[in-house]
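In: What would the 3D arrangement of this be:
(one chain, ligands or ions: 1)
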Amino acid sequence: MKLSAKGTREKHSRKKTAGRRAANTVRTRPHLSNEDRKKNGPVKIGIVAIQGDFAAHAAMLHTLGAETVEVRTVEHLEGCDGVVLPGGESTTQLQFLKEEGLFDAIRKFSTQGGAVFGTCAGAILLASKVNNPPQESLGLLDMTVLRNGYGRQLASDVFYEPSKLKQEPLEMVFIRGPIIEELGKGIEVLARHEGRPALVEQGNVLAATFHPELTDDTTVHAHFLEMASRAPAKAAAAR
Ligand code: GLN
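Out: Reported below is the predicted structural model:
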């Protein structure tokens, strides 16, 4: 994906990449036999749908064979194997999560083994410590983040950087993303931008300071689906 000088997204022909996507489609729940897979159905991912680009996450996950549900209440988490916290404004999203009881429910969901993936504002919400300004967060990833760390709108751009997920460079779209300032010991860095961690993983939690859902590269979402397919309980509904 390309950003114009003003930081807006140029439309891409989806047709052009259809072949690449098909080849990239993950076999969900690889540890299950074909029979079990039929019984359990596709991996189900809840996408927190308050604001931001939740529809882009859904579109990408569908191309990879996952089922998705928009999450606005605790009940929507029922039966999900994973949850996506999309980009947007973390302050607004935090307030909504608290009001709806989703803040505690998502923490419980993660503790019970459900996979959680945060992009940009979502990564901020996952951190154990937030700076600039300080704000409460879910604390599911042992890391300190600096909001708008690359500057404000001017720092929105597309970069290509190596990752542990594939041989070719990963396309990274940054839109007022946070900088990961400090990382706990147990966290694996899957990709960096300008030498700083940009895609990190700890157990069943994944965070990107960029927006993989705004590219045609399904690598990061395919990786998350693999994580979600290992979620121990289909009905990890956190009540
Ligand atoms: N700057 C936003 C925040 O601090 C995150 C931006 C994004 O998600 N693209 O919440």
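
In: what about the helices in this structure?
Out: For the chain, applying DSSP state H gives helices covering 18-24, 34-40, 54-63, 90-99, 102-111, 121-126, 219-229.

In: Does residue 179 touch residue 143 like I think?
Out: No. At 10.5 Å, residue 179 does not count as touching residue 143 under the criterion of C-beta atoms under 8 Å. Any C-beta I mention is one placed from the backbone N, CA and C, and that applies to glycine too.

In: who has more neighbours, those two?
Out: Ranked by neighbour count (other C-beta atoms under 10 Å), residue 179 and residue 143 place residue 143 first, with 24 against 19.

In: Pretty sure residue 127 is one of the things that one touches, is it not?
Out: Yes. Using C-beta under 8 Å, residue 143 is in contact with residue 127, at 5.2 Å.

In: Between those two, which contacts overlap?
Out: Shared contacts of residue 143 and residue 127 (C-beta atoms under 8 Å, 6 or more residues apart in numbering): residue 207.

In: mind checking pLDDT for the residue lying closest to residue 189 once chain neighbours are set aside?
Out: Spatial nearest neighbour of residue 189, excluding adjacent residues (C-beta to C-beta, 6 or more residues apart in numbering): residue 197 at 4.5 Å. If you check residue 197, the pLDDT there is 98.

In: Pull the contacting residues for the closest residue to residue 87 other than its chain neighbours.
Out: In space, and not counting its chain neighbours, residue 87 is closest to residue 120: 3.6 Å by C-beta to C-beta, 6+ apart. Taking C-beta under 8 Å, 6+ apart, we find residue 120 in contact with 86, 87, 88, 175, 176, 177, 178, 208, 209, 210, 211.

In: Contacts only, for residue 115.
Out: Residue 115 makes contact with 81, 82, 83, 204, 205, 206, 224, 227, 228, 230, 231, according to C-beta under 8 Å, 6+ apart.

In: so residue 44 sits right up against residue 81, yeah?
Out: Yes. Applying C-beta under 8 Å, one finds residue 44 in contact with residue 81, separated by 5.5 Å.

In: If you count surrounding residues, which of these two has more?
Out: For the pair residue 44 and residue 81, the greater number of neighbours falls to residue 81 (30 against 20), based on other C-beta under 10 Å.

In: returning to what we had before: ok, which of the contacts of residue 120 also contact the ligand?
Out: Contacts with the ligand are made by 87, 88, 175, 176 out of these, judged by C-beta under 6 Å from any ligand atom.

In: Backbone torsions only: list them for the first one.
Out: Backbone geometry at residue 87, expressed as degrees, to the nearest 10, gives phi -70, psi 180.

In: now the third one
Out: Backbone geometry at residue 175, expressed as degrees, to the nearest 10, gives phi -130, psi 100.
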